[in-house]
Every structure is written in C-alpha cells, then in structure tokens.
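Participant: Quick check, what structure comes out for this input:
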Amino acid sequence: MVLTLTGQALGRGIFSPFQQHLLDSPGCDGTGIVDPDSDCKGDGIVPNPSHGDRDRDGFQFENPSLDCEYASQPYIWDSFKDLEKDMSKLFTVIHKNVSFTINGHHPVSGHYHDLMHFYVNALRRVSVCLSEHQDKFRILPQAIHGGCNNPWSVQEVRFLGQMNSGDIFDVINVWVTRWHKGQMVEIRTFTDSAPVIEVLQKNEIWWNSSTWTDHTQFIPGPSGMPDLSLLEGLMRYPDGSRYED
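Facilitator: Residues are numbered from 1 along each chain as shown. Take a look at the predicted model:
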C-alpha cells in the first residue's frame, strides 16, 4: 500500500547527513556476546539501547549497532518516525529516482519509476483524506529486520490516524527496502487493499459523490475525456434543428 502520511504537507525540515556512530556500550552490539560491565543479557537484543538522547518508544532492535555499512536499524526507525511530523523528510530519505512498487489491487497500487509520481499519485492522494486530523496521525514501527551490513531491510509499520470523514484509519504496511547512502532506492510495499479503498471512497468527493455535490467540472475517470466536439454535434432539438448557442 501506500504510505499514508499527513503532517504539515510540505513543512520545512532539516535532514542530517547520513552518519552513524558506534554504540556507547561495545557489549551491546546484537551479537549475543556479553560485556560483564554492560546491561546486555546475551540474547542479541538491547531493551533500551543508548543512541544519544532520542526516545524510541522502547522499541527493541534485533541489531541496535550503528556501526553499519548501509542503514542501521535505529536509523531506519528514525527515518519512518520522522515522517510523522515532517513530510518534507520524505524527499531526502527516499531517492528521487526510486523504484517504488505498491503491491495490491486498489487505486494507488502499481509501479512508480520516481518519487514525484509516487507522491502525487499515491501518497498525497491518501494523505489529503486524513489532512483534517493531522494531530491524530501516528507512525508506529512494529518490527525491523535486516539492514546494517545488508542493503535490504524489511519494516512492519503501523499507520494510525483519523479520516476527514471521522472514521479511524489503522493499517499495517510491510516495506521491503534497499538502502544506498542513507536513502531508500528501491521499495516494495504490501498492505490490505480494503483500507485504501475505504479511505478513498469515504473521503474523495469526486469518487464518493452525493446529492449535495455540485458538478461544475469534468471528471472523466481513468478513461479520459471523450471527443466533446462529436458530442456537441449530436445535441439538437427533437425535430433535428440545432441549438443556436
């Protein structure tokens, strides 16, 4: 599916260069080797890793090391979480020529050959449906697999918010991502199609029209516009005479 982000539409954000640092405690490197003077348990998981002053909601990393060739798991966590409040970071954490595939059968599924088409045709389209309740939008990483010295990582991410219609939007996406120099350069996302269809049907007026919709513009749908001149040529009075205007 689609990544559904609200936040300020394109707020100004500061993106730090792709830098990673060694953990403060060398024994907590996710290897299962325990330093007697550390808080590690030897299971390869650090309950509360030290990565500066940032609070990561108690997330348990399979590999909390920041000494990585590609994207560390804490870096990946930050990359998703930061989008919750600052969508502008999307344009730095995802490469402009990304290969982005949204798997499924719904209006925004398909393959996008660059970031701009993904943003306009998919992300922004869904985001607008949540824009009236930006304060309730949350991105909650559930699990991160791989990454660090592997260019590929898998993320399970929960997107939680409220639609403009008042309905709750709650969906978990699976992102399969390839990283290069701190950016996602290839992405494949998987989600349940039903929530995507629901949010669009309930909140896109042009799709979910009603008695109160005043149609003053052509909205032809995916098939495009017909030849209006041909249609105008068919318009006439019952006796075959043409309209004067």
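Participant: Next, count neighbours for Val174.
Facilitator: 16 (other CB atoms under 10 Å). The way it works is simple: take the backbone N, C-alpha and C, and place the C-beta from them, glycine included.
Participant: measure the closest residue to Tyr119 other than its chain neighbours to Val98 for me?
Facilitator: Among residues not flanking Tyr119 along the chain, Leu90 sits closest, at 7.2 Å (CB to CB, 6 or more residues apart in numbering). Look at Leu90 and Val98: by CB to CB, to the nearest Å, they are 10 Å apart.
Participant: list residues touching both of these two?
Facilitator: Listed as contacting both Leu90 and Val98 by CB atoms under 8 Å, 6 or more residues apart in numbering are Leu115.
Participant: hang on, the earlier thing: state the next helix or strand along the chain beyond the helix or strand hosting the residue nearest to Tyr119.
Facilitator: Applying DSSP states H and E as the criterion places Leu90 in helix 90-93. Sequence-wise, the next helix or strand downstream of helix 90-93 (DSSP H and E) is strand 94-102.
Participant: CA atoms of the helix or strand bottoming out on mean pLDDT in the chain as CSV?
Facilitator: Here the helix or strand of the chain ranked lowest by mean pLDDT, DSSP states H and E is helix 228-234, holding a mean of 85. The C-alpha trace of helix 228-234 is given here as CSV (Å, rounded to 0.1, in the frame of the first residue of the first chain):
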residue,chain,number,x,y,z
LEU,A,228,-16.6,16.9,-26.9
SER,A,229,-17.0,18.2,-30.4
LEU,A,230,-18.6,14.9,-31.5
LEU,A,231,-21.0,15.0,-28.6
GLU,A,232,-21.9,18.6,-29.3
GLY,A,233,-22.7,17.7,-32.8
LEU,A,234,-25.3,15.2,-31.6
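Participant: Make 133 the starting number, not 1.
Facilitator: All right, first residue 133 from here; so that's helix 360-366.
Participant: neighbouring contacts of it?
Facilitator: Under CB under 8 Å, 6+ apart, the answer for helix 360-366 is an empty list.
Participant: what about the strand ranked longest in the chain, distance to the chain center?
Facilitator: Ordering each strand of the chain by length in residues (DSSP state E) puts strand 300-312 first. How far strand 300-312 lies from its chain's middle: 6 Å, per CA atoms, centre = their mean, to the nearest Å.
Participant: So which other helices or strands are in contact with it?
Facilitator: strand 284-294, strand 315-322, helix 325-335 (3 or more CB pairs under 8 Å, 6 or more residues apart in numbering; DSSP states H and E).
Participant: can you redo those as CSV with mean pLDDT, mean neighbour count and distance to Gly236?
Facilitator: Output for the helices and strands packed on strand 300-312, formatted as CSV (pLDDT from 0 to 100; neighbours: other CB atoms under 10 Å; distance: least, CB to CB, whole Å):
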stretch, mean pLDDT, mean neighbour count, distance to Gly236
strand 284-294, 96, 19, 15
strand 315-322, 96, 18, 7
helix 325-335, 91, 19, 5
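Participant: Out of these, which is closest to Phe193?
Facilitator: strand 284-294 (11.6 Å; CB to CB).
Participant: now that closest one against helix 325-335, angle please.
Facilitator: 40 degrees (axes from the mean of the first three to the mean of the last three CA atoms, to 10 degrees).
Participant: angle of strand 284-294 against strand 300-312?
Facilitator: Using the same axes, to 10 degrees: strand 284-294 against strand 300-312 is 160 degrees.
Participant: Mind exporting the C-alpha coordinates of strand 284-294 to PDB?
Facilitator: Provided in PDB are the C-alpha atoms of strand 284-294 (Å, rounded to 0.1, in the frame of the first residue of the first chain):
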ATOM      1  CA  TRP A 284      18.000  -4.800   2.200                       C
ATOM      2  CA  SER A 285      15.700  -4.400   5.200                       C
ATOM      3  CA  VAL A 286      12.100  -5.200   6.000                       C
ATOM      4  CA  GLN A 287       9.900  -3.000   8.100                       C
ATOM      5  CA  GLU A 288       6.400  -3.600   9.600                       C
ATOM      6  CA  VAL A 289       4.900  -0.200  10.200                       C
ATOM      7  CA  ARG A 290       1.500   0.800  11.600                       C
ATOM      8  CA  PHE A 291      -0.100   3.900  10.300                       C
ATOM      9  CA  LEU A 292      -2.800   5.200  12.600                       C
ATOM     10  CA  GLY A 293      -5.000   8.300  12.200                       C
ATOM     11  CA  GLN A 294      -8.400   9.700  11.600                       C
END
